[in-house]
Structure formats: C-alpha cells, structure tokens
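**Q** Test case, fold it:
(2 chains)
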Amino acid sequence: MIYSLLVLSSPFSGHCSRSAAEFAHCVIARGHTIHRIFFLDAGTLASAASSVSAQDEDTSLKGWSELADQHGVDLAICITSALKHGMLDQVEADRHERRCATINPLFTVSGLGQLVDACASSDRLITFGG
Amino acid sequence: MTAAPKKTVLIVLRHSPYGSGLAKAALDAALASAAFDQAVDLLFIGDGVLQLQPDQDSTSLGMKNMGRQLASLPLYDIDHVYVDAQAAARYNMDLSKAPLHTRQLDDHEIRQLMVGYDHLLGF
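**A** Here you go, the predicted model:
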C-alpha cells in the first residue's frame, strides 16, 4: 500500500513530529511504500539545520535523516510555511537576501501542489499534529 | 505534478481562526487542491466552527481576515461545506450570516460523511 504523511506540528512541541517519523519507519518495515512526507505550518521546523538539542535528548532530525538516507523518502516542506518559519534553502536565502540557508539538505522546499499530488497518488494519507 | 487518478478529499477544520496557523494552512491546502482540479469539500467541527463567525475583523491581530478568505472559496468551485451542528449551537453561532453557505450535520451524519471520502485531511 502507498502511504503519504502530512506533518503539521513542530518537533519542539509535543510528540507528533516524532510519531510521524516512527510511523514512517514502521510502514516501510511492514513492506509498504512512503510516497512523500509533506511538512506544513510549524511542521516545517523539522527541517531546521542549526537547531541544537540538549545532550541527553534526540535531535529533531534523527528519525528523518534515516528515512531520507536509507530509504530515499521524499521529505517536502511547504515553501510558504517554510519562509514564514525562517526555513530557507540556498535558493530562497539568495532570493530573499538572507545570509545563509537554514534547512537541512535532506528536505526539499516545494509547493502545496506536492501535497495535492500526495493525496492523488497515495492509498492512505495520515495527518500528524494540528 | 504527475497525472494520477482523482481522489475525493474532505478537509476537516478543527481549530479557531486566529489561535494558530492551522486555519490558514487548511485554507491554502483547499485552494491548492482546487487549483489542481481535485475534488475537495470542507467540514468545520469543534472549535473550527468559529472560523465561520460573521463579520470577522482581524485588523488588531495583524493577520489576514479569514472570514473574507473563506467567502472567496465558491469562486474556486469549493461548494460543499459542512458544519458540526452541535458545535455551532454550543457557540451560539448564526450560520445564516456565515461567510460561506454551509450544511449543518449531526454526529451521525458527520460519521456517514467521513466514510465517503478517499482521504481526510485534518487541520
């Protein structure tokens, strides 16, 4: 079965972002496919490259980097929400004259069309957070 | 966007209009679906019914007027808008003056509505 996930809440508040990453791992372990994980609103903060966690806590990137590196999962962040939350790739940093990119390159800045496509292309779309 | 079979989507709006970014995010998702010619309907439940409050004025919040944006949805062929009748009654809302024309549903009808869609997007 083809799954897509929509992540709405910040990894720094509550557990929904982390649950989404763990759910995605389970989906893959069960032999299903993740078509895309789409991050919207505060969910886009999962892409923060320069967030520093306490030494005895997991980093917010932990679950996501394994999904992208080991399983090639498409991690797409909504551009409107990303800009609002200060999450910029190099292209957007240049365009908006900011000093540097702020997102981890595992994530792709994209539009809401990618969420619409995820709906159309997936058997199940699961929302986390909100 | 890849050509994929059409799926029916119900966007479920559960939060008040200005308490978070979620009401705006839901509206943006609805407009994007319409722009890509996907069938999308809306259901306001719980605190989400407050998004339908008539005569909203968000000037002092420095935020865009959500009511005015909702009123534009019929222009994008988003015509099927449902509302949790129990929540609307709890907030004593006058839906005849709401920015959108809505159909009120009781709990049983909401359950029946939800099972008819391929996807539920909850905001």
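**Q** The closest residue to A:Leu6 other than its chain neighbours: neighbouring residues, count only.
**A** Leaving aside its chain neighbours, A:Leu6 sits nearest to A:Thr127 (4.6 Å; criterion: CB to CB, 6 or more residues apart in numbering or on different chains). (Glycine included, C-beta is placed from N, CA and C.) The number of residues packed near A:Thr127 is 21, by other CB atoms under 10 Å in any protein chain shown.
**Q** Can you check my assumption that A:Thr127 lies in a strand?
**A** Yes. Note on A:Thr127: a strand contains this position according to DSSP: H, G, I helix; E, B strand; the rest coil.
**Q** That one contacts B:Ala26, doesn't it?
**A** No. Applying CB atoms under 8 Å as the test, A:Thr127 and B:Ala26 come out as separate, 10.6 Å apart.
**Q** Mind pulling up the pLDDT for residue 94?
**A** Using chain A. According to the per-residue confidence, A:Asp94 scores 96 in pLDDT.
**Q** should've been chain B
**A** With respect to pLDDT, B:Asp94 scores 93.
**Q** where's it relative to B:Gln53, distance?
**A** As defined by CB to CB, to the nearest Å, B:Asp94 lies at a distance of 9 Å from B:Gln53.
**Q** for B:Leu27, same thing?
**A** 15 Å.
**Q** Neighbour count: these two, which is higher?
**A** Neighbours per residue, other CB under 10 Å: of B:Leu27 and B:Gln53, the larger number sits with B:Leu27, 23 against 18.
**Q** Run through the residues that contact the more buried one.
**A** Remark: with contacts taken as CB atoms under 8 Å, 6 or more residues apart in numbering or on different chains, B:Leu27 is in contact with B:Met66, B:Gln69, B:Leu70, B:Leu73.
**Q** Could you tell me the end-to-end distance of stretch A:4-14?
**A** 21 Å (CA to CA, to the nearest Å).
**Q** Counting neighbours, which bits of it end up buried?
**A** A:Ser4, A:Leu5, A:Leu6, A:Val7, A:Leu8, A:Ser9, A:Ser10, A:Pro11 (16 or more other CB atoms under 10 Å in any protein chain shown).
**Q** and those, which two are the farthest apart?
**A** A:Ser4 and A:Ser10 (20.0 Å; CB to CB).
**Q** Which pLDDT value goes with B:Thr2?
**A** Per-residue pLDDT puts B:Thr2 at 53.
**Q** Could I get the full set of strands for the chain?
**A** If you meant another chain, say so; for now it's chain A. A:2-7, A:33-39, A:75-78, A:107-110, A:124-128 (DSSP state E).
**Q** Wait, chain B was what I had in mind.
**A** Secondary structure of chain B by DSSP E: the strands cover B:9-13, B:40-44, B:81-84, B:103-105, B:119-122.
**Q** The residue nearest to the spatial centre of chain B pairs with what?
**A** Ranked by distance to the mean C-alpha position of chain B (CA atoms, centre = their mean), the top residue is B:Leu42 at 4.2 Å. According to DSSP bridges, B:Ile11, B:Val81 are recorded as the beta-bridge partners of B:Leu42.
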